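In: Provided below are the primary sequence and the corresponding predicted coordinates.
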Amino acid sequence: MALKEGVVVRASSGVYTVDAGGHSVHCLLRGNLKKTLEFTTTPTGSKHVARVRRLRTTDPIAVGDRVRFAETHHGQGIIEEVLPRHSMFVRAGYRGTQHTVVSNIDQVMIVFACAEPRLDPWKLDRFLVAAELEGLCAVIIANKRDLVQEADFRADFDPFIALGYTVLAASAVRGDGIEEIRALLRDRISAFVGPSGVGKSSLLNAIQPGLRLRTGEVGAATHKGRHTTTSAQLIPLRFGGWVADTPGMRRFELMQTDPEELVYGFREMVPLLGKCRFADCRHIAEPDCAIRRAVEAGVVHPRRYESYRILYSELLQRA
Ligand code: GDP
Ligand code: ZN
């Protein structure tokens, strides 16, 4: 039988819902596939591989995986093959019992508002650093553009354009940027993150009426004894592509990272690495530090460097 290809959009008790061009097929996994996977999966980054390996023992297939399957009956099939992953987003669930796993996320749409609430650049840095360290491509959406003048918008967001990030001005109420966002989402797997109140739900609804994500109140619901799933799912977009819906993703944040690796989260600092006097420079107080020199020379923005210092000491305290 000819194998078909699709994307796993949901996984529940060993049944995988595969979206094959708008056609949903409920698949089981071929019995011996679990073993094969260990050899076919391409690891993305050494840091994440250990975590992925451990989780794979409980669930060998993640939402977002591209699979080849045989459709045995209409709407039912057997997964025969999992294609190599290019990214892996992993989060431990509440009390470590569950986890959120989405493979092959192409981009994270980081939503902030131009006003109400006004952009908090320190908070945006946290999202950007988390995305960089996960190896995920970040796009900044500046929503509520209708509330500010051009000059204020530029003053707040230009520094991030200068870093090389794509900043899309949008307004869920006026319709600005919606077509551009759709174009970016088309045929890709995207995640929407950002603080609450910035207009994520409104934007999703403007992109596709009815499109909404589950909220991330995992802890609260669990305390009441209700089982709240933290498992991921992908919501298909009518124009092509998927939006990742995972409560864990809503709490997108900097995970415990080796403080020495933090600098990789600041893209403008990466090219300076290796140019400090000391090979193990932490870029905090060392003499002849290339990053501190770049700050003094106005090449690295002082506010970004301050962000680095704050996150560095936070990671040190958590370690
Ligand atoms: P979320 O918490 O990020 O999902 O934010 P919501 O979508 O719930 O929006 C928060 C508030 O901002 C609501 O009162 C929305 O009506 C309002 N809002 C959302 N998008 C816009 C926008 O583009 N312009 C304006 N003026 N208000 C918006
Ligand atoms: Zn240094």
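Out: Alright, I've got the coordinates. Ligands and ions are numbered 1, 2, ... in the order given.
In: and the residue nearest to Lys4 when sequence neighbours are not counted, how many neighbours?
Out: For Lys4, the nearest residue in space outside its immediate sequence neighbours is Ala20; the separation is 5.3 Å by CB to CB, 6 or more residues apart in numbering. From N, CA and C alone the C-beta is placed, and that goes for glycine too. Counted with other CB atoms under 10 Å, the burial measure for Ala20 works out to 16 neighbours.
In: gap between Ala20 and ligand 2?
Out: With distances defined as CB to the ion, to the nearest Å, the gap from Ala20 to ligand 2 amounts to 50 Å.
In: now swap in Asp146 and tell me
Out: From Asp146 over to ligand 2 the distance is 43 Å, taken as CB to the ion.
In: ditto for Leu163
Out: For Leu163, the distance to ligand 2 under the criterion CB to the ion works out to 19 Å.
In: Now the residue of the stretch 51-200 of the chain found nearest ligand 2. Its backbone dihedrals?
Out: Among the residues of the stretch 51-200 of the chain, Val129 lies closest to ligand 2, at 17.3 Å counting by CB to the ion. Taking degrees, to the nearest 10, you get phi -60, psi -40 for the backbone angles of Val129.
In: What count of nearby residues applies to it?
Out: By other CB under 10 Å, the residues close to Val129 number 24.
In: what pLDDT does the residue nearest to Lys4 get?
Out: On the pLDDT scale, Ala20 is placed at 95.
In: tell me the contacts of it?
Out: Lys4, Glu5, Gly6, Val7, Phe69 (CB atoms under 8 Å, 6 or more residues apart in numbering).
In: Contact partners for the second one?
Out: The reference is to Glu5. Contacts here follow CB under 8 Å, 6+ apart; on that basis Glu5 touches Ala20, Arg66, Val67, Arg68, Phe69, Leu83.
In: what about it, which helix or strand?
Out: strand 4-12 (DSSP states H and E).
In: and the residue nearest the centre of the chain, backbone torsions?
Out: Residue closest to the average C-alpha location in the chain (CA atoms, centre = their mean): Val108, at 4.6 Å. Comment: the main-chain dihedrals of Val108 come out as phi -110, psi 120, following degrees, to the nearest 10.
In: I am assuming the residue of the stretch 51-200 of the chain closest to ligand 2 contacts Leu262, so please confirm or correct that.
Out: Yes: in this structure, Val129 sits in contact with Leu262. The criterion is CB atoms under 8 Å, and the distance is 7.3 Å.
In: Surely Glu179 is in a helix?
Out: Yes: the assignment for Glu179 by DSSP: H, G, I helix; E, B strand; the rest coil puts it in a helix.
In: And for it, the neighbour number?
Out: Glu179 is flanked by 10 other residues according to other CB under 10 Å.
In: related to what we said a few turns ago, which member of the contacts of Glu5 is positioned nearest ligand 1?
Out: Closest to ligand 1 out of these is Arg66 (29.4 Å), distances taken as CB to the nearest ligand atom.
In: which one is that closest one nearest to, not counting chain neighbours?
Out: Excluding the flanking residues, the one nearest Arg66 by CB to CB, 6+ apart is Leu83, at 4.2 Å.
In: So for that neighbour, what pLDDT did the model give?
Out: Leu83 carries a pLDDT value of 94.
In: thinking again about what came up before, list buried residues within the contacts of Ala20.
Out: With neighbours counted using 16 or more other CB atoms under 10 Å, the contacts of Ala20 contain these buried positions: Lys4, Gly6, Val7, Phe69.
In: Nearest to ligand 2 among the residues you listed?
Out: Ranking the buried ones among the contacts of Ala20 by separation from ligand 2, with CB to the ion as the measure, puts Val7 on top at 42.3 Å.
In: my guess is that closest one meets Tyr16, correct?
Out: No: judged on CB under 8 Å, Val7 makes no contact with Tyr16 at a distance of 10.2 Å.
In: Name the residues contacting each of those two.
Out: Taking CB under 8 Å, 6+ apart as the criterion, Val7 and Tyr16 both touch Val67.
In: got the residues of this structure near ligand 2?
Out: Contact residues, the chain versus ligand 2 (CB under 5 Å from the ion): Cys276, Cys281, His283, Cys289, Ile291.
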